[in-house]
Each structure stands twice: as C-alpha cells, then as structure tokens.
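J.: okay, here's the prediction I keep looking at, along with the sequence it came from:
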Amino acid sequence: MVISNRHQDYRALMMLPKMYQVGFVVLATLVAGTAFSNLRTKERSMSYLSLPATTLEKLLAELFVSTVVFFAIYVFSFYIFNFLMILFGQAVSVSFEVGFVDIFDQTTMSIYHYTLIGQSILLAGAATFMRRPMISTGFTLFVVVVIYLLYGLAFFHLFMDNDFHHVNLSPKGAYVITNNFTVKTDLPYTTNIVNMAKYLFDYALAPLMWIVAYLKLKEKQV
C-alpha cells in the first residue's frame with residue numbers, strides 16, 4: 001500500500017493492516033447479518049421461496065455472495081482506496097513509496113477464519129428470524145454465553161468444592177488457583193475437554209450453522 005520514510009507517515013502505514021482487518025470484520029458481519037433479505041416481508045418471502053431453485057442452491061448462493069464475492073469486492077475496494085491515498089500524497093508533494101499490506105499473514109488469516117464462523121452464525125440467524133435478524137441473533141448468542149458461563153461456574157463450584165479463586169482453561173494447559181492461592185494442575189480430562197471444545201468451535205460450528213440455515217430455509221419452503 002503506502003510506505004513513507006517520514007516517521008508520522010510510517011505510523012499511519014502501520015494502521016493500514018488494522019484498518020483492513022477492522023473494516024473486513026465489520027462489513028462481513030453486516031453482509032452476513034442482512035442475508036436472506038427477501039424473507040423479511042411476506043410478499044417478498046413468497047416470491048423468493050417460489051423461485052425455481054432448490055433450498056441448497058439458495059443457501060450456497062447466499063454463502064457465495066457473503067464470502068467469495070464480498071472478499072473480492074472488499075479487497076479490490078481497499079486497494080483502490082490506498083491507490084487514491086498515493087495520488088493524494090503526490091498531489092500535496094509528500095514523498096511516498098509504494099508497498100503492499102500482506103492480506104494473507106497469520107493474524108489476518110485467523111481473522112478470516114473466525115469471521116467466517118461469525119458469518120455462519122449470522123447466516124443461520126438470518127434464515128431463522130424474520131424480523132431484525134442481527135439483533136435477534138445477537139440476543140440469542142448473549143443468552144447462550146450467559147448460560148454457558150453459569151454452567152461453567154456451577155461446575156467448578158462442585159468440582160472444587162467452592163475452593164477456587166481463579167480458573168485458567170486453555171489448550172496450552174488448565175489450572176486452578178484456589179482461595180489460599182495454591183495452584184492445582186491435576187484437573188482430570190479438563191485440558192482434553194478444552195482442546196475438544198476449541199476444535200469443535202474452530203472446525204464444526206460453521207458447518208453446523210450452515211445445516212441450521214438449510215433446515216430453516218427448508219422449513220419455510222414447505
């Protein structure tokens with residue numbers, strides 16, 4: 001993108017990957033959250049569901065638009081934006097050198113991955129809720145997270161017999177700091193459970209949400 005030898009311009013350059021990542025997450029969320037917009041009103045819904053296409057084809061079309069098409073348009077638009085920045089810099093006699101933001105580095109690839117998971121959840125919500133799908137999906141996620149946290153809290157109260165101060169559960173290791181600040185690492189099966197949960201979240205949640213979206217569309221089409 002834009003590389004300058006000046007310190008202030010270098011600081012601005014360092015913001016470009018962050019701008020790209022934040023913009024990608026925000027816009028990808030909006031695109032997925034507004035999927036299946038034809039289901040929002042009864043008239044448009046009937047017209048959409050009567051199209052000569054299978055439920056799977058309709059789902060794949062929404063997936064294609066919200067992922068591949070969106071990615072191509074976003075990347076193209078971002079590079080156009082930076083090209084205009086170069087032209088502006090030349091117009092105001094600021095010396096710029098041309099470079100490129102690595103949109104496939106490890107951090108950005110991880111963002112793509114988890115954004116796809118988020119899009120899948122929103123896609124399922126858009127196929128489920130007729131009105132305000134983003135708000136309804138967000139509220140449902142909030143309830144699920146609260147229930148999960150309460151369940152985990154109850155589990156550790158039972159497991160540690162109310163004798164814990166801090167809990168760390170990660171794929172790198174699990175431990176509990178008790179109320180007398182001793183560390184317990186002998187948590188049977190806990191690390192394996194955390195690893196399994198992370199694996200399921202990373203690789204099974206998105207396909208599961210696609211199945212949910214398919215079933216909801218199928219339900220509406222009957």
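T.: Perfect, I can see it now.
J.: and stretch 122-139, which residues are buried?
T.: For stretch 122-139, the neighbour count (16 or more other C-beta atoms under 10 Å) marks 122-129, 133-134, 137 as buried. Glycine gets a C-beta too; all of them are placed from N, C-alpha and C.
J.: list the buried residues in stretch 79-87.
T.: Quick answer for stretch 79-87 (16+ other C-beta under 10 Å): 82, 86.
J.: state the mean pLDDT of it.
T.: For stretch 79-87, the mean pLDDT works out to 79.
J.: likewise stretch 134-142?
T.: In this model, stretch 134-142 carries a mean pLDDT of 92.
J.: what does it contact?
T.: 33-34, 121-122, 124-126, 128-129 (C-beta atoms under 8 Å, 6 or more residues apart in numbering).
J.: restrict that stretch to CA atoms and write it as PDB.
T.: Taking C-alpha atoms only, stretch 134-142 is exported to PDB below (Å, rounded to 0.1, in the frame of the first residue of the first chain):
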ATOM      1  CA  MET A 134     -29.000  -9.400  13.600                       C
ATOM      2  CA  ILE A 135     -30.500  -8.200  16.900                       C
ATOM      3  CA  SER A 136     -32.300 -11.400  17.500                       C
ATOM      4  CA  THR A 137     -29.200 -13.500  16.700                       C
ATOM      5  CA  GLY A 138     -27.100 -11.300  19.000                       C
ATOM      6  CA  PHE A 139     -29.500 -11.600  21.800                       C
ATOM      7  CA  THR A 140     -29.700 -15.400  21.400                       C
ATOM      8  CA  LEU A 141     -25.900 -15.600  21.500                       C
ATOM      9  CA  PHE A 142     -25.800 -13.400  24.600                       C
END
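J.: how far does it sit from its chain's centre?
T.: In terms of C-alpha atoms, centre = their mean, to the nearest Å, the centre of stretch 134-142 is set 14 Å apart from its chain centre.
J.: do the same with stretch 201-210
T.: 12 Å.
J.: can you show me the helices along this structure?
T.: Ranges of helices in the chain, per DSSP state H, are 7-33, 42-49, 55-64, 70-91, 106-128, 133-160, 190-203, 205-221.
J.: helices or strands up against the first one?
T.: Applying 3 or more C-beta pairs under 8 Å, 6 or more residues apart in numbering; DSSP states H and E, one finds that helix 7-33 makes contact with strand 2-3, helix 70-91, helix 106-128, helix 133-160.
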